[in-house]
Every structure is written in structure tokens, then in C-alpha cells.
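# fold the following for me, if possible:
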Amino acid sequence: MKPEHKDADAVVRTCSYHRLDFGAVMVRSRPYVTEAVQDSLQASFEIPPSSGLGDMHCLPAELMTMVLENLDILSYFRFRRVNRYARILSTSPREYQLVAKYGVEGLRAMLRSDCARRFTIMGLYRVLTSQSCAQCGKFGGYLFLLTATRCCFPCLQASQNLRVISTTNFANRAGISTYKLSVSYRSTLRTVSGCYSNSGAQAKRPKKLILLSEAVAALDGQGILKKYSGRNPLRGYRDGEHEQRFMAATQFPWYNASTGKAEHGLSCKGCYVRLTTRHRDFDNHSALSAAEFLVHFATCVEAQDIWAKSQQGTVPVEDSDGNGVSTHNFYGLLHTGRDDCYFRILAGTNVKYITIKAGALDGESLMDMPLDFQNIIPPLPYDKDDWNSAYITRIAATGELEPALSQTTLPRVQTVWHPKMINFLDLERTKLLSLLAQECKWKQGSAEIETRDQKTMIAKMARFPWEIQYIEAETRIYQLLQPLQITPTFLGHIHEADRVIGVLLEKVEGRPANSGDLEICKAALQRLHDLRILHGDCNRHNFIISADEKVTLIDFDNAKVDADAEMMEKEMASLEEQLREETGRGEGFIQVESDDENPDVRLIPLHNKNISHST
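Below is the predicted model:
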């Protein structure tokens, strides 16, 4: 069957599945992390640029394109932060757009692992648009971070070319110091936290990994191995099984230019049935593109049987045991959760808080909870008002999940001073700004929409009990500062049932402050200090300048009441330098210091303060 066949899409949907368990043991991000930054990665700011690129502005477009194409990934993102004009130039290339849309997991893994400074966006684009594993030529659904090449799961597990070793282990085997190794060979990967074992055991995670064969060749070429020991670190070395290889890889789809779609790799349900019901071997680790699967489908009797039983994809299919053949049937236990996990579920107008005991669910089920919780945990009476919390455990004797329901007294914001109370159900989120903050508007059908203008607002809400303390502190600050009119207008308290959980603020239009606004920003900050309130984070994006040069202060997460004079003097003295800062601190991408000697660059969703907002 060819891809253009009228039933091709239905055959793929009905008879194939994508294995999630492989990617779950590699470097990966939580969905809410990548989803929150997806829009900002693919868009420039709405406000047009007011300046160019200085001396670089005179370069012809062709040369500027060449410059961007040859920037390493880390430098590319730093260039995006220079100004709005740089943001436009770096956002517009088609290659970048595709990588930002379909390859964001690879981008983030490159940045987190400190590999981004060795590869380019164009190089990643070439990998994105090539489906073949660099080792065997079959479909590869993963990115090997140390070489920025595509690989398949079998090659990641077994290829001699993808053997990795920790820098400490290599130095010991080579008879050299780790310092000598770091000076002579710099192509290292910094490991990041994750679960890298499909057996449930905790994998030991070294700080840094290197590609074994490449490191040996580099040091041998410099004569270092012969000079110091004459040893071959390859001799007798068995790498850390698969776990350390998994620490150097992440999921990376193939962008099919002919269809305009991303493909993650497919496995055959028919082959799975043959394996589980007839105990026949098949290549359970290799994946196929959609076109390859359609070719395979023509020779797979079991897949054709599923297609026939589904009546050409129109009805669910049952296997020999009477179980519905669907994607979730194909995933086994991935790893055991090591901490309790928490979920907030809205059922009608009732909010329920679900706690999953550590180890009760495997990692993939926990990841799927937000989208498929009704099929993962036992049925619960969500429509009943006599409970608001459930604690779910797994009974050791039977292996079944058991929920314990209770009516728990949840914490609430105690500082309630504004007369207006807003039900969180009356608000509709339009944009996620951070874990606690969002842009919103009045929901259609709410009473407020009939009496108020439909303007965008900012809501800050505690999703879980332990976040109440942050809302409590900020609510108190707004109470103290409202008379000064230097903060966004406080529109009211947000409540869930009978408890206050958040604040609703106006959205302030304007631009972030710069060094030219020093005097008016000093005056605004001084009014804060006159009340003995320390702002706590005077980065320039927390000073919004309106068209009429009015200063609005935002973000009081770190504010302190009754601050001492010395702290306030230091804050005021730092303001001039803060307003000159061009590192991007306080907006879309920030650089976070890790416990290692190198900065851990991460994609973190923050407020897009160059557009306009208030929090």
C-alpha cells in the first residue's frame, strides 16, 4: 500500500502504535515545560524594533544569513536576546522555524547538556529532515547529543560508535588527571536528572560523559596516551550498560517535507500480537516511518487481520483475550515513581486533589495522567461533594489500585482585603505565563462579561496547597501598595469554592525600562522603600514604562516588608546596573547556575515582558 492510498491514514492509525517507553528512559522534558515556551520560540515581539544591530546592521542580507547559519545553538539564542530586531532576524529562517516547532525537545536537551555550543541550528535542521539512523540507515527516532546525529534504539543500545564513558572513568583508565583530560578534549556532555533505566532500578548518573572512541582518537593524536601510560582505555571496558547511553540521547522526530508532518516512528500492532499470543520473535525495537509501515503492512498477516476486524478502521478491535487493542495496551512498566505525585482535577464545578503514592504508578502512566486519568486510576465519584482529596496506593497482595477519599481542610489566602471576589471558573486562560500566572479573560456566559469590558487580565493562582504561601505574600504587598498607584490595579481575589487561592490584576501595557529611565525608576522604587518594602528583584523587566512615561512595578514574589535600611540602600544602588543589563534575565530564556562548574542553560517559561503584561 502506498501513502497516497485512500485508506493509508486509517491503516496507520488502526494497525500501528508509537512506543513511548523508549523515550521515557532518555533525556526528556515534562510536556508543560516545552508547551509553555513553544509560542515564544516561534514568534518575534509584536512591538516593532526601534534600533538595529549597530555595525552589523550594514551587512548585506546574504552575509547576515551566513552569520546566523554558522552560529552555534547557544550563541544563536543569545543573539535572539540582543534586541527586537535580532529577534526578528533569528526567528524568520524556515530552518529555525521547523526546528523550533518540531525539534524543541532536541533543542532543550542540547542546551541542558551543554552540547549546544558545538552544533548549529542548520545542523539540527539537517538531522530533523533526515529519517535515517546515522549508524545503520534504518528509521531513527532519537538524537544522539554528543554527535548531534540521528540514531535508532537498537544502535543506541549496541553500536560501538555510540559508546560513552564518564570523564572520571576515562581519566583513571588512561592514567591521566581529569584536568588534563578537560584541557585536551572538550567535547563533553553534562548529564541531567532523569530516569535512565527500564528495569525500575536507579541508574548511577556521572557528572559528565564523553564519546569513548572519539576521545581515544583525539588524545592518541596528541600523543597523550602514549606519553602518560601507553594504555588503551578501550581495552576491557564495558560501558555502563544502556543507562549512560540513554543519558546522551533524546526523542527527535523526523520532519517529512513531502507531507508537512512530523513522524516519531511506528511499531506494528500485528507483530505485537504475534509476539504475545503466538510467542514468535520479531524485531520489537526497530521503528518504521509511515511509508515503511504501509509496505510492512502488505506482508504482515496479523496487521491485516486487525484491519479486517476493525472494518477498515471504523470499530475497535479485540484481541484473543477480549481486550481492546489500543495504544495503552502496548506499554509495560517503565520505572517506579520515587515521590508522591499530585494532580488537580476539575470535574464539572468540583475540584478534586489526587495524590498518587510513590511507586503506585509507573512513570509513563504518571506522564499520561493529565490526558487519560480516567483510564489510569480507579473510577471515583467526581460529582459528589463529600470529598475533595484522594490518596491512591497499590495493594501489594493483589496489585490493584486503592483510593482513600477524604474531606480535607485546604489552606487559603488569609489576607482578604478587596471587596471583589471572583470564581476561578469565570476566567478563561488565553496564555500561560508561568506555573502560577496566566493571561485570561472573562469566560463566555459568566456574569462579569455582561458588565465589564472584555480586556485581557492577569491571574495568579495557587494550584496546590503548598503554593498558597506565595499568593499570600503577594496579596499582602498589593494591599500595602495600591494607594501609591505604582502597581497594576488589583481587580479582586480569586476563589475556589469557599477559599481564596489567587489574585486578579489588570494587564499593564508598556515596555521594559532601560538605562534612560533611571531617574523615574529610582523615584518609583523610593516610594516603595518609604514604606520599608524591599522589591527583591529589580531587573529592568519588572519596571514597565507606559507611553506617558509612568512607571509600574510588577512581580513581588521576592518582596519583603519591614526591610532594613542597608538592604534597601543596596537595592537602590544596584538599579542603574540592572537597567543597563542586556543578558535577558527576566524574560523568555534565562541561564540557570547548576551545581556543576558550567551554567545549565534551560528553556524556562517566563513572562514575555517586551510585549506587555502585569503580574
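# residues touching the nearest residue to residue 73 once chain neighbours are set aside, list them.
Counting by Cβ to Cβ, 6 or more residues apart in numbering, residue 116 is the residue found nearest to residue 73 once chain neighbours are left out, at 3.9 Å. Where you see a C-beta, it was placed from the backbone N, CA and C, and this is true even at glycine. Contact analysis of residue 116 by Cβ atoms under 8 Å, 6 or more residues apart in numbering lists 72-74, 77, 107, 110, 601.
# repeat the analysis, applying 6 Å as the threshold.
73-74, 110 (Cβ atoms under 6 Å, 6 or more residues apart in numbering).
# can you pick the most crowded of those?
Highest neighbour count within the contacts of residue 116, by other Cβ atoms under 10 Å: residue 110, with 26 neighbours.
# tell me the spacing between that residue and residue 205.
18 Å (Cβ to Cβ, to the nearest Å).
# again with residue 497
42 Å.
# any low-confidence regions in the stretch 1-150 of the chain?
Within the stretch 1-150 of the chain, the segments meeting pLDDT under 70 span 1, 30-35.
# do the same with the stretch 401-550 of the chain
For the stretch 401-550 of the chain (pLDDT under 70), the answer is 448-453.
# mind jotting down where the strands sit in the stretch 1-150 of the chain?
Ranges of strands in the stretch 1-150 of the chain, per DSSP state E, counting those that start in this stretch, are 16-17, 142-144, 149-151.
# so which of the contacts of residue 116 would you say is closest to residue 5?
residue 110 (37.8 Å; Cβ to Cβ).
# may I see the buried residues of stretch 392-403?
392-393, 401, 403 (16 or more other Cβ atoms under 10 Å).
# wait, I meant stretch 365-384
Neighbour count says stretch 365-384 has 365-369, 376-377, 380 buried, by 16+ other Cβ under 10 Å.
# returning to what we had before: do you know how far the residue nearest to residue 73 is from residue 513?
The value you get for residue 116 to residue 513, if Cβ to Cβ is used, is 30 Å.
# same deal with residue 396?
59 Å.
# which helices and strands sit right next to the helix ranked longest in the chain?
The residue-count maximum for a helix in the chain (DSSP state H) belongs to helix 565-580. Applying 3 or more Cβ pairs under 6 Å, 6 or more residues apart in numbering; DSSP states H and E, we find helix 565-580 packed against helix 518-529.
# hmm, back to that, closest to residue 295 out of the buried residues of stretch 392-403?
residue 401 (41.0 Å).
# show me where the stretch 151-300 of the chain has helices.
153-158, 167-174, 178-184, 212-221, 224-228, 243-246, 269-278, 290-297 (DSSP state H, counting those that start in this stretch).
# can you show me the CA trace of the first one as CSV?
In this case it means helix 153-158. Extracted C-alpha coordinates of helix 153-158, given in CSV (Å, rounded to 0.1, in the frame of the first residue of the first chain):
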residue,chain,number,x,y,z
PHE,A,153,17.0,2.5,19.5
PRO,A,154,18.9,-0.8,18.7
CYS,A,155,22.0,1.3,17.6
LEU,A,156,21.8,3.4,20.7
GLN,A,157,21.9,0.2,22.8
ALA,A,158,24.6,-1.6,20.9
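# and that helix, what other elements does it pack with?
Against helix 153-158 (3+ Cβ pairs under 6 Å, 6+ apart) you get no helix or strand.
# buried stuff in that helix?
153-156.
# redo those as CSV? Include distance to residue 570 and pLDDT.
Listed next are those as CSV, based on distance: Cβ to Cβ, whole Å; pLDDT from 0 to 100:
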residue, distance to residue 570, pLDDT
153, 54, 93
154, 58, 92
155, 55, 94
156, 51, 93
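# as CSV, those with distance to residue 340 would be great.
Shown next, in CSV, are the buried residues of helix 153-158 (distance: Cβ to Cβ, whole Å):
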residue, distance to residue 340
153, 31
154, 36
155, 37
156, 32
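# now, which of the residues you listed sits nearest residue 299?
Nearest to residue 299 among the buried residues of helix 153-158, with distances taken as Cβ to Cβ, is residue 154, at 20.5 Å.
# how many neighbours does the closest residue to that closest one other than its chain neighbours have?
In space, and not counting its chain neighbours, residue 154 is closest to residue 285: 4.9 Å by Cβ to Cβ, 6+ apart. Neighbour count of residue 285, defined by other Cβ under 10 Å: 15.
# and residue 285, how far is that from residue 579?
Distance from residue 285 to residue 579, by Cβ to Cβ: 55 Å.
# cool, and residue 348?
Applying Cβ to Cβ to residue 348 and residue 579 gives a distance of 49 Å.
# between these two, which has more neighbouring residues?
residue 579 (20 against 8).
# roughly how far does the more buried one sit from residue 96?
30 Å.
# residue 536: neighbour count?
Neighbour count of residue 536, defined by other Cβ under 10 Å: 16.
# not counting its neighbours along the chain, what's nearest it?
residue 558 (2.9 Å).
# any idea of the pLDDT on that neighbour?
pLDDT recorded at residue 558 is 79.
# could you count how many residues lie near it?
Neighbours around residue 558, by other Cβ under 10 Å: 13.
# SS state for it?
Judged by DSSP: H, G, I helix; E, B strand; the rest coil, the three-state class of residue 558 is coil.
# how much space separates the spatially closest residue to residue 520 that is not a sequence neighbour from residue 40?
In space, and not counting its chain neighbours, residue 520 is closest to residue 551: 5.3 Å by Cβ to Cβ, 6+ apart. Relative to residue 40, residue 551 is positioned 25 Å away (Cβ to Cβ).
# between these two, which has more neighbouring residues?
residue 40 (22 against 19).
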